[in-house]
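A.B. asks: what's the 3D shape of this:
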Amino acid sequence: MCGRFVQMSSGAVLARLLGLREEAVCTPHYNIAPTQELLAVRKLPGSPGRDLVSLRWGLVPPWAKELSFGARTINARAETAATKPSFRSAMRSRRCLIPASGYYEWRKEGSRKQPFLIHPAVGKDPFVFAGLWESWQAASTPPIETCTILTCAANSDLAGIHHRMPVILPREAFGPWLGETCEKQPDIAKLLVPCPVDRVAFHPVSTLVNNAKNDVPECLDAVR
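C.D. replies: Numbering: from 1, shown residues only. I've put the predicted structure just below:
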């Protein structure tokens, strides 16, 4: 799964990587937690290009009665997202890209859980997760746009930390995932696979990341 992650790329890096029309001013975040705002990229019908937007983490489908629904939908299993009621509509037509400088995962070690930062290997671009988004609205209030991160089985290097990982898309998959090509749904499913082991690296970090209030660079530091 993916329950915490990092977004600290500059606007220039995101514009280059994600093919954005202009550079945005991006505030770095080192410990994004569920229900918080994150940056994502989507392509709306009729839009001349891709847009960088802010979405609330935890997808809330339009039929949900409460915004709190999103607390249990921060991740969607790639194997079942196309059929699950919470995700199937977004899977068809509301897919997005979620850039990440890394994410955290916890490995059980005896009676404790050791957090790890999983990040791009040296020389590799930031991760880009496959995401879904939705718009939810309560009576007489503005709509709230929310999202989820798709997960798949972990690759062989990461399976020793956790059996699941986010779907990390290669650059050539960005267009098909956003629906910019004529790819059909069965072809889209082929994108939802573990990324190659040479794209990722990881190291243990302190339990500072356990508290979502700690949104500081020290969350990234390696520990012994």
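A.B. asks: quick check, residue 29 in contact with residue 214.
C.D. replies: No: contact status for residue 29 versus residue 214: not in contact, 11.2 Å apart, counting by Cβ atoms under 8 Å. From N, CA and C alone the C-beta is placed, and that goes for glycine too.
A.B. asks: residues in contact with the residue nearest to residue 9 when sequence neighbours are not counted?
C.D. replies: With sequence-adjacent residues excluded and distances taken as Cβ to Cβ, 6 or more residues apart in numbering, residue 9 is closest to residue 126, at 5.1 Å. Going by Cβ atoms under 8 Å, 6 or more residues apart in numbering, residue 126 touches 9, 13, 17, 99-101, 120.
A.B. asks: got it, and residue 7?
C.D. replies: 26, 28-29, 32, 38-39, 99-101.
A.B. asks: backbone dihedrals for residue 12, please?
C.D. replies: In terms of degrees, to the nearest 10, the main-chain angles of residue 12 are phi -70, psi -40.
A.B. asks: and the pLDDT for it?
C.D. replies: Per-residue pLDDT puts residue 12 at 97.
A.B. asks: residues contacting it?
C.D. replies: Here residue 12 is in contact with residue 23 (Cβ under 8 Å, 6+ apart).
A.B. asks: just to revisit the earlier point, return the member of the contacts of residue 7 nearest to residue 177.
C.D. replies: Ranked by distance to residue 177 (Cβ to Cβ), the contacts of residue 7 are led by residue 99 at 13.0 Å.
A.B. asks: that closest one reaches residue 38, doesn't it?
C.D. replies: No: here residue 99 does not reach residue 38: they are 9.1 Å apart, not a contact under Cβ under 8 Å.
A.B. asks: lowest confidence element among the helices and strands of the chain?
C.D. replies: In the chain, no helix or strand scores lower on mean pLDDT, DSSP states H and E than helix 185-189, which sits at a mean of 73.
A.B. asks: next helix or strand past that one?
C.D. replies: strand 200-204 (DSSP states H and E).
A.B. asks: ramachandran angles for residue 171?
C.D. replies: Dihedral angles (degrees, to the nearest 10) for residue 171: phi -60, psi -40.
A.B. asks: which residues does it contact?
C.D. replies: So, once contact is read as Cβ under 8 Å, 6+ apart, residue 171 ends up touching 17, 125, 128.
A.B. asks: select only the buried ones of the residues you listed in ChimeraX?
C.D. replies: Of the contacts of residue 171, the buried ones go into a single ChimeraX selection, burial set by 16 or more other Cβ atoms under 10 Å:
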select :17,128
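A.B. asks: quickly list what residue 134 is bridged to.
C.D. replies: Beta-bridge pairing of residue 134 under DSSP bridges involves residue 146.
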